[in-house]
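>>> Prediction below, plus the sequence it came from.
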Amino acid sequence: MNEFEKMGIDEDFNPLYTELNIKNPTDVQFAVIPKIMEKKSIICVAQTGSGKTLSYALPISELVKKLEDENGLSDKKSRPAAIIVAPTKELAIQIQGVFKKISHHVKLRVRTLVGNQKVSLKTQSYEILITTPAKLSRAVKAKDVVFSDLKYLVFDEADQLFDMGFKKDIEGIVYHVDYDSTDTHFFSATMPIEVEDYLNHKFKKKELEKISLNSAHRVQQKVETFNIYLTVKEKQQMLKLFLTKTAKGRGIIFINQKNQVEEVDAFLKEQLPTLKYKVLHGGLEEKERLVNHKAFMDKKAQVLLCTDVAARGIDIDDIAWILNFGLPRTPIYYLHRCGRTGRAGRSGSVYNFVTSFDSKIIGLINDAIKKQSTLDIKLIAKNMTETRKASAPKKKVKTKRVKVTKRSR
């Protein structure tokens, strides 16, 4: 009997672990799976890359299969037993992929409801639905999705759901939830106090139990960080230098605004025409956004150029590096960006372009990660010198190496 079986997951799931190269549950899976199996409603705060998706996908799939064993295969239309709500369509599709892998072994019917999807779910029978807040809210109002048989409701990346303005949609969704018969779970890598207080108040009938792993709010300890000090005008040339001389393996370049992404995209097309990369931001047509996301997930591109639409929850285990072309507006988003690398036990690197305008945010970021293990934040002096010579050969610039102790928020 393996550790998953000891927690109540049937042996029918065992081939899945071989497929995913899983030998033992992660810490978050050890903590979460028994609680969900015991029908507890929880708030789980755990580090990015720690295995949160499987921590709820496995027990919910097991419990749904038990319902099916007891009651037979349901032929009710659009009355799911479990619904997973994610803040972005990319994350929803990724979660669907996890449930699809499970369903190959235990025969569950999984559906998604995202974007401009034209296929109606109203006439379909299925057990599990993965969706986004706005789509689910509209579907519930239109009675395209009915909660009469709902047993399990999960909000993934819960804090971002509220940060992105979905509060009204979520309240519209939970208005239709029968708290007595539906276990409700919230998962995130960070959980601001105000969001946690809201959840505890809004869902007080559920008596939410908090599971907070010690590694939450941290950058992975195997992630090495480098600060590169430069001027705004030097960013594009430094990017070229970075991609041609420093970047090894696949990586993600985070840029704060879509117009800046477009500028960098044009620069790379001219300066590095052979570079295999994809672009991802909220301004793209939905079809192009999903195609680009899938191409990067399928390893058809070496680099992803994106805004924070890809900073949360996207699980790609071979990302070797992250470059913050622009620093994010909050330390929390910095932690989520960094969480895209150093996953599944691998090491990773984070590079920050730091200008004179970033003194406040870099200070906040350093403060936010100081309680962790000590890591060096190094200046790539050689590349800096080369770039400065290329862009302003007569200008003499002094650089210094800095060392920072990481701390948690």
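Received it, and whenever you're ready, just let me know what you need. Residues are numbered from 1 along each chain as shown.
>>> can you list the weak-confidence ranges in the stretch 251-400 of the chain?
Confidence mapping of the stretch 251-400 of the chain against pLDDT under 70 gives the ranges 310-315, 343-345, 366-400.
>>> Which parts of it are helices?
258-271, 286-297, 331-338, 359-368, 381-391 (DSSP state H, counting those that start in this stretch).
>>> Out of those, which is closest to Lys205?
helix 331-338 (28.6 Å; C-beta to C-beta). C-betas here are computed from N, CA, C, even on glycine.
>>> Asp159 is in contact with Val195, isn't it?
Yes: between Asp159 and Val195 there is a contact under C-beta atoms under 8 Å: 4.9 Å.
>>> higher neighbour count, the two?
Asp159 (24 against 20; other C-beta atoms under 10 Å).
>>> That one and His336, how far apart?
Using C-beta to C-beta, to the nearest Å, Asp159 is found at 10 Å from His336.
>>> What of Thr330?
Distance of Thr330 to His336, computed by C-beta to C-beta: 10 Å.
>>> Who has more neighbours out of those two?
Each of Thr330 and His336 has its neighbours counted (other C-beta under 10 Å); His336 has more, 26 against 17.
>>> Counting neighbours, what do you get for Gly282?
Neighbourhood size, Gly282 [other C-beta under 10 Å]: 12.
>>> For it, which non-adjacent residue is closest in space?
Leaving aside its chain neighbours, Gly282 sits nearest to Val309 (5.5 Å; criterion: C-beta to C-beta, 6 or more residues apart in numbering).
>>> And Arg289, by the same measure?
Setting aside the residues directly before and after it, Arg289 is nearest to Leu280 in space (C-beta to C-beta, 6+ apart), at 6.3 Å.
>>> and that neighbour, what does it touch?
90, 289, 292-293, 296, 304-307, 309-310 (C-beta atoms under 8 Å, 6 or more residues apart in numbering).
>>> Please apply the same query to Ser212.
Contacts of Ser212 by C-beta under 8 Å, 6+ apart are 44-46, 191.
>>> now with 6 Å?
Val45 (C-beta atoms under 6 Å, 6 or more residues apart in numbering).
>>> if I look at it, how far off is Asn292?
Distance, Ser212 to Asn292, by C-beta to C-beta: 35 Å.
>>> what's the domain layout of the protein?
Here the domain parsing of the chain from automatic domain parsing is 3-212, 223-405.
>>> And the first one, how far out from the chain middle?
Centre-to-centre, domain 3-212 and its host chain are 15 Å apart (C-alpha atoms, centre = their mean, to the nearest Å).
>>> what distance separates the start and the end of that domain?
Domain 3-212 has its terminal residues 21 Å apart, counting by C-alpha to C-alpha, to the nearest Å.
>>> Which elements pack onto the longest helix along the chain?
Criterion DSSP state H: the longest helix present in the chain is helix 52-71. Where contact means 3 or more C-beta pairs under 6 Å, 6 or more residues apart in numbering; DSSP states H and E, helix 52-71 is packed against helix 27-37, helix 89-106.
>>> for the helix or strand following the shortest one, packing partners?
Yep, that's helix 27-37 we're talking about. Next helix or strand after helix 27-37 toward the C-terminus (DSSP states H and E): strand 42-45. Strand 42-45 sits against strand 183-188, strand 209-212, with contacts defined as 3+ C-beta pairs under 6 Å, 6+ apart.
>>> so which of the ones you listed gets nearest Thr231?
Nearest of these to Thr231, taken as C-beta to C-beta: strand 183-188 at 35.9 Å.
>>> can you tell me the average pLDDT over the very next helix or strand once past the closest one?
Next in sequence after strand 183-188, counting helices and strands by DSSP H and E, comes helix 193-202. Mean pLDDT, helix 193-202: 85.
>>> Of all the residues in helix 193-202, which ones are buried?
Within helix 193-202, the residues that count as buried by 16 or more other C-beta atoms under 10 Å are 195-196, 199.
>>> cool, and stretch 166-180?
Neighbour counts over stretch 166-180 (16+ other C-beta under 10 Å) mark 166, 169-170, 172-174, 176-177 as buried.
>>> Over to stretch 253-261?
Buried residues in stretch 253-261 (16+ other C-beta under 10 Å): 253-256, 258, 261.
>>> Most widely separated two among these?
Of all pairs in those, the most separated under C-beta to C-beta is Ile253 and Lys258 at 13.5 Å.
>>> Distance to Asp317 added to the buried residues of helix 193-202, as JSON lines?
Shown next, in JSON lines, are the buried residues of helix 193-202 (distance: C-beta to C-beta, whole Å):
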{"residue": "Val195", "distance to Asp317": "28"}
{"residue": "Glu196", "distance to Asp317": "29"}
{"residue": "Leu199", "distance to Asp317": "30"}
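>>> if we take those, which one ends up nearest to Leu239?
Nearest to Leu239 among these, counting by C-beta to C-beta, is Val195 at 34.6 Å.
>>> Quick check: the closest one touching Glu157?
No: in this structure Val195 lies outside contact range of Glu157 using C-beta atoms under 6 Å: 11.2 Å.
>>> Next one: Val140 from Tyr175, what distance?
Per C-beta to C-beta, Val140 is found 9 Å from Tyr175.
>>> hmm, I was thinking of Phe325
Using C-beta to C-beta, Phe325 is found at 41 Å from Tyr175.
>>> about what we covered before: outside of the longest helix of the chain, which residues touch it?
So helix 52-71 is contacted by 9-10, 28-29, 32-33, 36-37, 46, 81-82, 98-99, 102, 106, 108, 127, 152, 154, 185, 187 (C-beta under 6 Å, 6+ apart).
>>> What residues sit buried inside it?
In helix 52-71, counting by 16+ other C-beta under 10 Å, buried: 52-65, 67-68.
>>> Apart from its neighbours in sequence, what residue is nearest Thr330?
Leu364 (7.6 Å).
>>> swap in Lys35?
Closest residue to Lys35 apart from its sequence neighbours, by C-beta to C-beta, 6+ apart: Ile42 at 5.3 Å.
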